[in-house]
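Enquirer: Sequence and predicted structure are below.
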2 protein chains.
Amino acid sequence: MHTSVTEENYLKAIFALSNGNLQAANNQQIADKLSINPASVSDMLRKLSERGLIAYHRKTGALLSEEGMQVAAKTIRKHRLWETFLVQQLNFTWDEVHEVAEQLEHIDSEKLIQEMDKLLGYPKFDPHGDPIPDGNGQLPKYHPIALSNAGIQKIYILCGITNHSSAFLQFLDTFSLGIGSTVQITGFQPFDRSMSVLLNQTTSTVFSFTVCSNLLVMQ
Amino acid sequence: MHTSVTEENYLKAIFALSNGNLQAANNQQIADKLSINPASVSDMLRKLSERGLIAYHRKTGALLSEEGMQVAAKTIRKHRLWETFLVQQLNFTWDEVHEVAEQLEHIDSEKLIQEMDKLLGYPKFDPHGDPIPDGNGQLPKYHPIALSNAGIQKIYILCGITNHSSAFLQFLDTFSLGIGSTVQITGFQPFDRSMSVLLNQTTSTVFSFTVCSNLLVMQ
DNA sequence: TTTAAAATTTAGGCAAACCTAAATTTTAAA
DNA sequence: TTTAAAATTTAGGTTTGCCTAAATTTTAAA
Ligand SMILES: [Mn+2]
Ligand SMILES: [Mn+2]
Ligand SMILES: [Mn+2]
Ligand SMILES: [Mn+2]
């Protein structure tokens, strides 16, 4: 079945809001995420429901159907592969790729995705550490925790972020902190929950609780 | 000024039909080329004219304005760079690239084009031998002739084609004939204007006049 | 030069996606 | 439990880009 760019964007938004298809996304959340009027969202949710791409219940909200999930996963797969391509092959920085990937993710060509995947070496994660769904829509399993919940003195590897704004990405750049960097908590201030951290075994600094809660790490 | 995908496609069509902006493209030609109803073309030509992208006169037809030419050239530049990328980097064959490039040519990112151009080594011609406009919309100058107008016994290099159909491309593939191949006319049949040709200094065969008139060559 | 064919435009509509304003329904506070 | 606030839907519109059918205009044949 053919899905329009708009439909793909709705399905992506619903996926992102549903936390692995566990909690239904409601009208307002979708409207906010897509910067679209709630009235328009009502229209589209009815349409997506009629097409069998979501299950929609007035009160609870929208959940992706099996088919809707496939479309969403495929779109996200393309988005993240393109971001990886832009960084790996075209000298983009991680704060420059998202907008272009928003356009590229809607290009329709099986061969293009497959060859791109091969060219990039079948990457499992994109430049922001986000997992790339495989050809069947399956996400690699990994269970990072927020640095704000991490243990003191242990050495962690930064493997993701929960804030993708340019401001945050550029903030991390100023510390040469990127996916794969090591982070060690060396101290904690109960007053404002800020943390002293050692970055890449070399740089000592203090991060606010907000910053720490946006950093995903694994041991 | 922002131009829609549809507008870009109209401008490309007008460019292609105007033979270097020399002859105005008329309604019917555009309708045919885009597989759109002439009535719809009338609408769009009025709109493009109001936006200053074309000069339109009821009788003669449409000619690109300076600005329209820039948009058309940029779109064609992107199309041909993408085709080159698909063949050079992603193992596409020359008969597989056009459809995908029709989508990719509308992606809007200056950096993407520039980096792609660099990655590919600033190519001057695409996989079909078509010239790639530079960043200012200028086409490389070259003056190929149709093989059907070429001289006997001289050795020519195939540098372009005037028929881009899959059927024709695959026909050429069966002779291992591609851009850069050599072609030598070894004989001529006045009866049906068919030509005996020596391909790549190795293969002798006979091509119809139709085939020869679709092959562009240079010495 | 008349007349018929061909090309083009006008008129009236449709579908996709969006919007605002006005209901209506849900949720939550009092 | 009533009532007010918040969320959602309905109603009525707009824009873009397309279509068909019916003019109208151009071109070309007779
Ligand atoms: Mn992104
Ligand atoms: Mn990403
Ligand atoms: Mn092409
Ligand atoms: Mn080409």
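Expert: All right, it came through fine. Residues are numbered from 1 along each chain as shown, chains lettered A, B, ... in the order given. Ligands and ions are numbered 1, 2, ... in the order given.

Enquirer: looking at this, A:Thr210 is in a helix?
Expert: Yes: counting by DSSP: H, G, I helix; E, B strand; the rest coil, A:Thr210 is located in a helix.

Enquirer: Can you give me the neighbour number for it?
Expert: Look at A:Thr210: counted by other CB atoms under 10 Å in any protein chain shown, it has 13 neighbours. Placement of C-beta: from N, CA and C, glycine included.

Enquirer: Same question for A:Gln89.
Expert: 16.

Enquirer: okay but it is in contact with B:Leu119, surely?
Expert: Yes: taking CB atoms under 8 Å as the definition, A:Gln89 is a contact partner of B:Leu119 at 6.4 Å.

Enquirer: residue furthest from the geometric center of chain A?
Expert: A:Phe191 (31.2 Å; CA atoms, centre = their mean).

Enquirer: helix/strand/coil for that residue?
Expert: Going by three-state DSSP: A:Phe191 is coil.

Enquirer: How about A:Glu7?
Expert: helix.

Enquirer: surely it meets A:Ser49?
Expert: No: under the criterion of CB under 8 Å, A:Glu7 makes no contact with A:Ser49, lying 11.8 Å away.

Enquirer: more neighbours, those two?
Expert: Remark: of A:Glu7 and A:Ser49, A:Glu7 carries more neighbours, 19 against 16, as counted by other CB under 10 Å.

Enquirer: which ones are touching the more buried one?
Expert: By CB atoms under 8 Å, 6 or more residues apart in numbering or on different chains, the contact set of A:Glu7 is A:Met44, A:Leu48, A:Arg51, A:Leu53, A:Val71.

Enquirer: Are any of those residues buried, and if so which?
Expert: Listed as buried from those are A:Met44, A:Leu48, A:Leu53, A:Val71; burial here means 16 or more other CB atoms under 10 Å in any protein chain shown.

Enquirer: Make JSON lines out of those residues and add secondary structure.
Expert: What follows is those, written out as JSON lines (three-state DSSP):
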{"residue": "A:Met44", "secondary structure": "helix"}
{"residue": "A:Leu48", "secondary structure": "helix"}
{"residue": "A:Leu53", "secondary structure": "coil"}
{"residue": "A:Val71", "secondary structure": "helix"}
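
Enquirer: Would you reformat those as JSON lines and include pLDDT?
Expert: Output for the buried ones among the contacts of A:Glu7, formatted as JSON lines (pLDDT from 0 to 100):
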{"residue": "A:Met44", "pLDDT": "98"}
{"residue": "A:Leu48", "pLDDT": "97"}
{"residue": "A:Leu53", "pLDDT": "97"}
{"residue": "A:Val71", "pLDDT": "98"}
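
Enquirer: Of these, which pair is most distant in space?
Expert: Distance extremes for the buried ones among the contacts of A:Glu7: the farthest pair is A:Met44 and A:Val71 at 14.0 Å, using CB to CB.

Enquirer: Name the nearest residue to the residue nearest the centre of chain A, sequence neighbours excluded.
Expert: Residue closest to the average C-alpha location in chain A (CA atoms, centre = their mean): A:Asp130, at 5.1 Å. Nearest non-adjacent residue to A:Asp130, counting by CB to CB, 6 or more residues apart in numbering or on different chains: A:Arg80, 5.9 Å away.

Enquirer: wait, is that neighbour part of a helix?
Expert: Yes: assessed by three-state DSSP, A:Arg80 belongs to a helix.

Enquirer: Per the annotation, how does chain A divide into domains?
Expert: Following automatic domain parsing, one finds the domains of chain A at A:5-64, A:75-141, A:145-218.

Enquirer: Out of these, which gets nearest to B:Leu104?
Expert: Nearest to B:Leu104, of all the domains of chain A, is domain A:75-141, at 6.1 Å by CB to CB.

Enquirer: Return the mean pLDDT over the closest one, rounded to an integer.
Expert: In this model, domain A:75-141 has an average pLDDT of 97.

Enquirer: check whether it contacts ligand 2.
Expert: Yes: using CB under 5 Å from the ion, we find that domain A:75-141 touches ligand 2 at A:Glu83, A:Asp126, A:His128, A:Asp130.

Enquirer: so how far is that domain from its chain's centroid?
Expert: Mean-position distance between domain A:75-141 and its chain equals 12 Å (CA atoms, centre = their mean, to the nearest Å).

Enquirer: Now do stretch A:11-24: everything it contacts.
Expert: Residues outside stretch A:11-24 that contact it (CB under 8 Å, 6+ apart): A:3, A:25, A:29-30, A:33-34, A:48, A:53-54, A:57, A:60-64, A:68-69, A:71-73, A:75-76, A:79.

Enquirer: Please work out the average pLDDT along it.
Expert: 94.

Enquirer: hmm, that stretch touching DNA strand C?
Expert: No: Stretch A:11-24 stays clear of DNA strand C (CB under 7 Å from any atom of the strand), getting no nearer than 10.8 Å.

Enquirer: circling back: what about the residue nearest to A:Asp130, neighbour count?
Expert: Neighbour number of A:Arg80 under other CB under 10 Å is 23.

Enquirer: now the helices: where do they sit in chain A?
Expert: Along chain A, the segments classed as helices by DSSP state H run A:5-17, A:27-34, A:38-50, A:66-90, A:97-104, A:110-119, A:166-174, A:209-213.

Enquirer: what number of residues lie near A:Phe92?
Expert: Neighbours of A:Phe92 under the rule other CB under 10 Å: 21.

Enquirer: how close does it sit to A:His79?
Expert: 14 Å (CB to CB, to the nearest Å).

Enquirer: Now for the residue in chain A that ligand 2 sits nearest to: which residues touch it?
Expert: Ligand 2 sits closest to A:His128 of chain A, with a gap of 3.8 Å, by CB to the ion. Shown in contact with A:His128 (CB under 8 Å, 6+ apart): A:Glu83, A:Trp94, A:Gly160, A:Ile161, A:His164, A:Leu169, A:Ile179.

Enquirer: Recalculate using a threshold of 10 Å.
Expert: A:80, A:83-84, A:87, A:94-95, A:97-98, A:160-164, A:169, A:178-179, A:216 (CB atoms under 10 Å, 6 or more residues apart in numbering or on different chains).

Enquirer: could you flag which of those residues are buried?
Expert: A:80, A:83-84, A:87, A:94-95, A:97-98, A:160-161, A:169, A:178-179, A:216.

Enquirer: List the residues that contact the closest residue to A:Asp108 other than its chain neighbours.
Expert: Nearest residue to A:Asp108, sequence neighbours excluded (CB to CB, 6+ apart): B:Gln103, at 6.7 Å. Contacts for B:Gln103 (CB under 10 Å, 6+ apart) come out as A:Leu104, A:His106, A:Ile107, A:Asp108, A:Ser109, A:Leu112, B:Val5, B:His79, B:Trp82.

Enquirer: now swap in A:Arg80 and tell me
Expert: Contacts of A:Arg80 by CB under 10 Å, 6+ apart are A:97, A:101, A:105, A:123-128, A:130-133.
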